[in-house]
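Student: Here is my input, please return the structure:
(one chain, ligands or ions: 1)
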Amino acid sequence: MHAPSAHPPVLHASIPDVTLAAALDHDGYALLPARLDAAQIAQLQGRFDDLVAAEGERAGREFQQEEGSRRLAHLVDKGRCFDAVWGDSAVLGCVAHILRRPFRLSSLNGREPLPGQGGQALHSDWEPRRADEPFHVVNSLWLLDPVYADNGATRLIPGSHHLAGTWEELGVNPSRSHPDEIALVAPAGSVLVYNAHLWHGGGINISGARRRMLHSYYVGCGQRQQYDLPALLSPATRNRLDRSQLTLLGIDNEWWTASTFPDRGQATS
Ligand SMILES: O=C(O)CCC(=O)C(=O)O
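Tutor: Next up is the predicted model:
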């Protein structure tokens with residue numbers, strides 16, 4: 001345990017430029033090109049596959065398993081190669097811009113739709129929005145393979161993070177295609193950062209081409225992480241991380257306050 005400090009130690013966050021900030025505000029998402037180089041992509045792909053093979057039936061259990069998709073969870077604890085993902089300065093800047101308050105990593109998971117499967121209903125990563133509440137969550141999708149229209153592209157509804165109400169109240173059937181939906185098609189190494197109140201969903205992997213992604217998910221001050229990450233973090237990882245990294249994981253950050261926003265629980269990511 002570290003001595004209490006007056007200010008939280010924070011990882012560097014790059015402030016998004018005006019265009020990026022406007023896209024995050026208006027559309028609810030932005031694509032950051034080339035955040036990973038070829039060597040990092042190859043390393044992360046290899047680690048993804050090794051973990052899938054090593055964990056077998058258990059893969060994803062720390063958070064959730066999903067029929068039709070390979071899932072991995074709690075990746076913060078499963079390799080140094082993931083540090084650059086959850087601590088990425090450009091993504092942290094976008095998260096700070098959207099949440100406008102201190103935040104921490106909620107989870108770092110992996111997902112790959114299997115051939116012919118993986119289609120998800122539209123959802124946000126939180127409960128239905130209330131008009132009077134702040135944004136609580138931001139997600140980032142890290143593409144480890146190129147995503148085409150036919151290998152499980154994530155669908156997104158631009159601007160839907162502004163809509164308050166349930167599907168019934170809004171007259172939307174989340175299991176159907178939506179007239180405003182767009183597909184995330186981008187090269188490996190790109191990152192889609194989105195306000196996680198935005199409606200989105202994984203697409204069906206029609207072609208069967210590989211589509212490995214990491215989901216690096218952040219939650220604002222006063223709300224729960226997706227699972228008890230500090231409790232699950234191994235001593236080995238805890239010992240090798242610095243204070244700013246531990247702060248982002250929600251560990252030893254005595255300044256973190258739960259009093260400002262009531263805990264309303266959370267949906268999936
Ligand atoms: O992997 C994707 O395309 C999105 C997945 C997603 O939204 C989820 O698992 O909740």
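Student: What ranges does the stretch 51-200 of the chain have for its helices?
Tutor: Along the stretch 51-200 of the chain, the stretches classed as helices by DSSP state H, counting those that start in this stretch are 83-86, 89-99, 167-170.
Student: Surely residue 21 is within a helix?
Tutor: Yes - according to DSSP: H, G, I helix; E, B strand; the rest coil, residue 21 belongs to a helix.
Student: quick one: contacts for it?
Tutor: residue 97 (C-beta atoms under 8 Å, 6 or more residues apart in numbering). To be clear about C-beta, it is placed using only N, CA and C from the backbone, and glycine gets the same treatment.
Student: quick revisit: export the helices of the stretch 51-200 of the chain as a markdown table, with columns for mean pLDDT, mean neighbour count and distance to residue 14.
Tutor: Formatted as a markdown table, the entries for these read as follows, by pLDDT from 0 to 100; neighbours: other C-beta atoms under 10 Å; distance: least, C-beta to C-beta, whole Å:
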| stretch | mean pLDDT | mean neighbour count | distance to residue 14 |
| --- | --- | --- | --- |
| helix 83-86 | 98 | 19 | 14 |
| helix 89-99 | 96 | 22 | 4 |
| helix 167-170 | 96 | 12 | 35 |
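Student: do you know how far residue 15 is from residue 97?
Tutor: Counting by C-beta to C-beta, to the nearest Å, the gap between residue 15 and residue 97 amounts to 7 Å.
Student: So for residue 36, which of the helices of the stretch 51-200 of the chain sits nearest?
Tutor: Among the helices of the stretch 51-200 of the chain, helix 83-86 comes nearest to residue 36, with 7.8 Å by C-beta to C-beta.
Student: can you give me how far that closest one is from the chain middle?
Tutor: What separates the centre of helix 83-86 from the centre of its chain is 12 Å, taken as C-alpha atoms, centre = their mean, to the nearest Å.
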